[in-house]
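# need coordinates for the below:
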Amino acid sequence: MPRYEYRCRTCDDTFEVDRPMARSSDPADCPAGHDDTVKLLSAVAVGGTSAQPSPGGGGGGGGCCGGGCCG
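Sure, this is the predicted structure:
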């Protein structure tokens, strides 16, 4: 389930709420009971590795035809 970050405008506290994406724009109350909150834009970090193109320029895909049909 996605986690959304909010900031309370009353006490300036930041907090997170787990909720379904369908409810992502619903208001969230501050844990201290305040209701004047704003949803923050959060950067998402995804772990893993990525394929790096070879220094010679070949084998990375992309290009004019997606890398699958050009010779």
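# so where's this protein shaky on pLDDT?
Per-residue confidence of the chain (counting by pLDDT under 70) places the weak regions at 44-45, 48, 50-71.
# in it, which spans are strands?
Taking DSSP state E as the test, the strands found in the chain are 3-8, 14-18, 37-39.
# looking at the ones you listed, which is nearest to Val46?
Using CB to CB as the measure, strand 3-8 is the one of these that comes nearest Val46, at 14.2 Å. C-beta here means a position set from N, CA and C on the backbone, and glycine is covered the same way.
# can you give me the angle the closest one makes with strand 14-18?
Put simply, strand 3-8 runs at 150 degrees to strand 14-18, going by axes from the mean of the first three to the mean of the last three CA atoms, to 10 degrees.
# adjacent strands (with direction) for strand 3-8?
For strand 3-8, the pairing partners within the sheet under DSSP bridges are strand 14-18 (antiparallel), strand 37-39 (antiparallel).
# would CSV of the strands of the chain with distance to Ala28 and mean neighbour count be doable?
Formatted as CSV, these follow (distance: least, CB to CB, whole Å; neighbours: other CB atoms under 10 Å):
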stretch, distance to Ala28, mean neighbour count
strand 3-8, 5, 16
strand 14-18, 5, 13
strand 37-39, 5, 15
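# and of the ones you listed, who's closest to Thr49?
Taking the strands of the chain one by one with CB to CB, strand 3-8 is closest: 24.2 Å.
# which residues does that closest one contact?
Identification of contacts with strand 3-8 by CB atoms under 8 Å, 6 or more residues apart in numbering yields 13-19, 24, 28, 30, 32, 34, 36-40, 42.
# rerun at 6 Å
Contact partners of strand 3-8, identified using CB atoms under 6 Å, 6 or more residues apart in numbering, comprise 14-18, 28, 30, 34, 37-40, 42.
# from those residues, pick the one nearest Met1.
Nearest to Met1 out of the contacts of strand 3-8 is Asp18 (CB to CB; 5.0 Å).
# contacts only, for the closest one.
Contacts for Asp18 (CB under 6 Å, 6+ apart) come out as Met1, Arg3.
# in the sheet, who's paired with it?
Beta-bridge partners of Asp18, as defined by DSSP bridges: Arg3.
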